[in-house]
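Trainee: What follows is a protein structure lacking sequence information:
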């Protein structure tokens, strides 16, 4: 089932109908009247003159500068980084609707309600603790002096909500009336030792540390990181995992970095909180950090909600190389031909903060520009421990490359890398493809390709039977390879396609939903997503069987839709004449 399919379509339409997009956008963008529409500075890219418009009549937003567009659901997904379901739930709550949920037994419903209440309570507790730590920072000259030595201003400290946890064992007792409350331990703020209530000892987890609130994408405090002021250990201390906080899913600074990521065009992933804060002060507000864990696929997916370009910054030592290897593995399945992943290795004596302070922002910008692309990083990783001057070493390199390369989705980069690896292994692309069992498109005979038609029924394998290619096939192939063109179609044309019978109609409705949920994706991503749909094999074969992928413009698409309309108009008369089943 697709993500959107978890919520009834009728309910989604009702939520959108009850929502005023002007109210939703107006909470984040200062809007002013400009004719029939409202104008403002685009929240998705930096600009000085407003090119961002909101249409109250169409309930739609569009930026003429960067091309961002969509409805209220899309705005929350793009601006707040919410998933589709979370965006619908957010809007539903604002208009007083309850999202319908799949039937569940009473016990399951009770557990869900209890977890929701627990999360709300923990959110309140953590916010109160953040306020307490922030207030204590103002009172502690030693903590303030430490931040000044690191070159941080009061303004940047306020932007990230930095605070200070005093050295006392129970300083939080002054912030919470009941220090014995179980919520303090559940939130990871207090450590409880001993099982017996009478023998239990409670004390603050964070003591004598600069405190970094960890926020969700929505801006709620979900945990903390604490940095010791002196040479004590551990240098950094994180909150334990809680119902709100899972280290492998969260990135420090992402809430603060959202706008800068869009303005700079890429996200910069570093290793420490202080790097994020210091880089923001130096003009690199697009930096985020993992939370004491290796980069995960969940981290990458979260970043890709905001940008198609990610740069990982690592120390140049052995530990940094190992971290880069784990990051490489995390991104491989998320690659497509329009996304960019690069790897930046700093000199061993520097982290990003110290490098910028020593050499300046311009020098760091140059380092980012020269960062190693994913393709080169994959080959370098595969070449570790392999002597490429010997047949044995080249065979070792190819053997180490295969499990990495095989994770890449089908697309031009996968094909290009096959060629690069073949060159490095001193073999031909054809020989390597055969060795790895990879079917090359150039090996397929055009005569062997099965033309497709537009049936209402599919074969047992989910593929349309062989016949003459029909207009809906042509439209489907263009939209699958150029999904953004859907928005160039008129409302009646979109209704015509989504109203088609059989698998074509299902496909066009799926494309429309996917655009709303994920934006315009490239064919490799769509191909992967289609594997779980009943009409997926038909759609995949339609594109894969094409001779070449040519550039498509909106006029060609509209012409193909018009042909489809004319074909439908002829369908009923031909059926009456007995020429159609």
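Mentor: Sure thing, it's come through. What you are looking at is a predicted structure, and each value in this text was computed from that prediction instead of being measured.

Trainee: what about the longest helix in this structure?
Mentor: helix 106-139 (DSSP state H).

Trainee: tell me the average confidence for it?
Mentor: Mean pLDDT, computed over helix 106-139, is 88.

Trainee: for stretch 332-340, same thing?
Mentor: Rounded mean pLDDT across stretch 332-340 is 90.

Trainee: Beyond the longest helix of the chain, next helix or strand please.
Mentor: Going down the chain from helix 106-139, the next helix or strand is helix 141-149, by DSSP states H and E.

Trainee: packing partners for the next helix or strand after that next one?
Mentor: Using DSSP H and E, the helix or strand that follows helix 141-149 in sequence is helix 154-159. For helix 154-159, the packing partners by 3 or more Cβ pairs under 8 Å, 6 or more residues apart in numbering; DSSP states H and E come out as helix 273-281. For every residue, glycine as well, the C-beta is placed using N, CA and C.

Trainee: by contact count, what packs against the helix it packs on?
Mentor: helix 154-159, strand 221-228, helix 254-264, strand 267-270, strand 287-289, helix 352-359.

Trainee: what does it contact?
Mentor: The contact list for helix 273-281 (Cβ atoms under 8 Å, 6 or more residues apart in numbering) reads 150-153, 156-157, 159-160, 162, 212, 225, 227, 236, 252-253, 256-257, 260, 268, 270, 285, 287-289, 313, 351-353, 356-357.

Trainee: what about the strand or helix carrying residue 543, average pLDDT?
Mentor: Per DSSP H and E, residue 543 falls inside helix 536-544. Throughout helix 536-544, pLDDT has a mean value of 82.

Trainee: Distance from the chain centre to that helix, please.
Mentor: 26 Å (Cα atoms, centre = their mean, to the nearest Å).

Trainee: same question, stretch 158-169
Mentor: For stretch 158-169, the distance to the chain centre is 30 Å (Cα atoms, centre = their mean).

Trainee: Equivalent analysis for stretch 304-317, please.
Mentor: The answer for stretch 304-317 is 13 Å, by Cα atoms, centre = their mean.

Trainee: Please identify the buried residues of it?
Mentor: 304, 305, 306, 307, 309, 310, 311, 312, 313, 314, 315 (16 or more other Cβ atoms under 10 Å).

Trainee: so what pLDDT did the second one get?
Mentor: Pointing back at residue 305 there. So, for residue 305, pLDDT stands at 78.

Trainee: Tell me where the stretch 451-581 of the chain has helices.
Mentor: 471-481, 491-498, 502-518, 523-530, 536-544, 554-576 (DSSP state H, counting those that start in this stretch).

Trainee: Would you mind putting these into TSV with distance to residue 187 alongside?
Mentor: Putting the helices of the stretch 451-581 of the chain into TSV (distance: least, Cβ to Cβ, whole Å) gives the following:
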stretch	distance to residue 187
helix 471-481	47
helix 491-498	47
helix 502-518	33
helix 523-530	37
helix 536-544	44
helix 554-576	53
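
Trainee: Include mean neighbour count and distance to residue 431 when you put those into CSV, please.
Mentor: Below are the helices of the stretch 451-581 of the chain laid out as CSV (neighbours: other Cβ atoms under 10 Å; distance: least, Cβ to Cβ, whole Å):
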stretch, mean neighbour count, distance to residue 431
helix 471-481, 23, 30
helix 491-498, 16, 44
helix 502-518, 20, 37
helix 523-530, 20, 25
helix 536-544, 20, 23
helix 554-576, 14, 39
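
Trainee: Tell me which of the ones you listed approaches residue 37 most closely.
Mentor: Closest to residue 37 of the helices of the stretch 451-581 of the chain is helix 491-498 (Cβ to Cβ; 18.2 Å).

Trainee: Let me know the average pLDDT across that closest one.
Mentor: According to the model, helix 491-498 has a mean pLDDT of 83.
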